[in-house]
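In: Predicted model, plus sequence, below.
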Amino acid sequence: EVQLQASGGGLVQAGGSLRLSCATSGFTFDDYAIGWFRQAPGKEREGVACIFIRDGKTYYADSVAGRFTISSDADKKAVYLQMNSLKPEDTAVYYCNLVQLDTFKDYWGQGTQVTVSS
């Protein structure tokens with residue numbers, strides 16, 4: 001059973017940094033992508049960043065490009081989201097999502113709360 005566990009959220013002042021982790025387990029396929037999504041109160045869930053594990057390509061939402069960096073550790077089957085220069089509008093619950101690229105089946109982890117105070 002594919003499982004994802006997000007962690008690393010917390011309370012930080014504007015301009016600060018946080019590093020989120022997404023630990024994965026329960027699978028052997030190696031062609032997949034992991035994305036970070038976020039959902040603020042009263043808003044729809046939006047994509048923040050994603051990484052294709054096999055070739056390492058990364059993509060970012062315009063709102064976070066230049067401030068956030070997504071990376072992966074293949075040995076640990078983990079993906080990270082380094083968030084710098086945080087803004088109050090980055091406040092949200094952050095989720096990681098895994099997409100198996102041969103079937104497009106996807107899996108969600110539980111969220112981790114990020115709160116940025118002004």
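Out: Thanks, I have it.

In: only C-alpha atoms for contact and neighbour calcs from this point on.
Out: Will do.

In: now the residue sitting furthest away from the middle of the chain, nearest residue through space, not along the chain?
Out: Note on the chain: the largest C-alpha distance from the chain mean falls to residue 118, namely 22.7 Å (C-alpha atoms, centre = their mean). Excluding its sequence neighbours, the residue lying closest to residue 118 (C-alpha to C-alpha, 6 or more residues apart in numbering) is residue 14, at 5.3 Å.

In: same question, residue 18
Out: Nearest non-adjacent residue to residue 18 (C-alpha to C-alpha, 6+ apart): residue 83, at 5.2 Å.

In: Hmm, the one you found is touching residue 14, no?
Out: No. Under the criterion of C-alpha atoms under 8 Å, residue 83 makes no contact with residue 14, lying 11.3 Å away.

In: What ranges does this structure have for its strands?
Out: Assigned by DSSP state E, the strands in the chain fall at 3-7, 10-13, 18-25, 32-39, 46-52, 58-60, 68-73, 78-83, 92-100, 105-108, 112-117.

In: Is it possible to get TSV of those strands that adds mean neighbour count?
Out: Below are these laid out as TSV (neighbours: other C-alpha atoms under 10 Å):
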stretch	mean neighbour count
strand 3-7	20
strand 10-13	15
strand 18-25	20
strand 32-39	22
strand 46-52	21
strand 58-60	17
strand 68-73	19
strand 78-83	20
strand 92-100	22
strand 105-108	14
strand 112-117	20
